[in-house]
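# need a structure here:
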Amino acid sequence: MTYQNYISIDPEIRFGRPCITGTRISVYDVLGWLGLGMSFVDIIEDFPELNEEQIRACLLYAADRERKVRVIV
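Purely as a prediction, here's the structure:
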């Protein structure tokens, strides 16, 4: 799975934040819900337009961003 199939950035949607394609739900929103302890099932119950693959894509996006962060020593 590649997150690029599920995550898009459009300056006209949520001020250009990365969002799940076809929605206004940002990667930040999904990561926040997971961080608060919501399960995939909880998120899908609240937002039935989402599925597990889209939520996993948010995690992959975050992991990829973290990997690309440069550390100044």
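
# going forward, measure contacts between C-alpha atoms and count neighbours the same way
Will do.

# buried residues, stretch 27-44. List them.
Of the residues in stretch 27-44, 27, 30-31, 34, 40, 43 count as buried by neighbour count, 16 or more other CA atoms under 10 Å.

# let's have these in JSON lines, adding secondary structure and distance to Asp64.
Putting those into JSON lines (DSSP: H, G, I helix; E, B strand; the rest coil; distance: CA to CA, whole Å) gives the following:
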{"residue": "Val27", "secondary structure": "helix", "distance to Asp64": "13"}
{"residue": "Val30", "secondary structure": "helix", "distance to Asp64": "16"}
{"residue": "Leu31", "secondary structure": "helix", "distance to Asp64": "14"}
{"residue": "Leu34", "secondary structure": "helix", "distance to Asp64": "17"}
{"residue": "Phe40", "secondary structure": "helix", "distance to Asp64": "20"}
{"residue": "Ile43", "secondary structure": "helix", "distance to Asp64": "22"}
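
# pLDDT at Cys71, what is it?
Slight slip there: residue 71 is Val, not Cys. Note for Val71: predicted pLDDT of 69.

# my error: substitute Ser8 in the last question.
With respect to pLDDT, Ser8 scores 96.

# go on, Pro11?
If you check Pro11, the pLDDT there is 95.

# which SS class is it?
coil (DSSP: H, G, I helix; E, B strand; the rest coil).

# neighbours of it, how many?
Residues within reach of Pro11, counting by other CA atoms under 10 Å, total 10.

# right, I'll leave it there.
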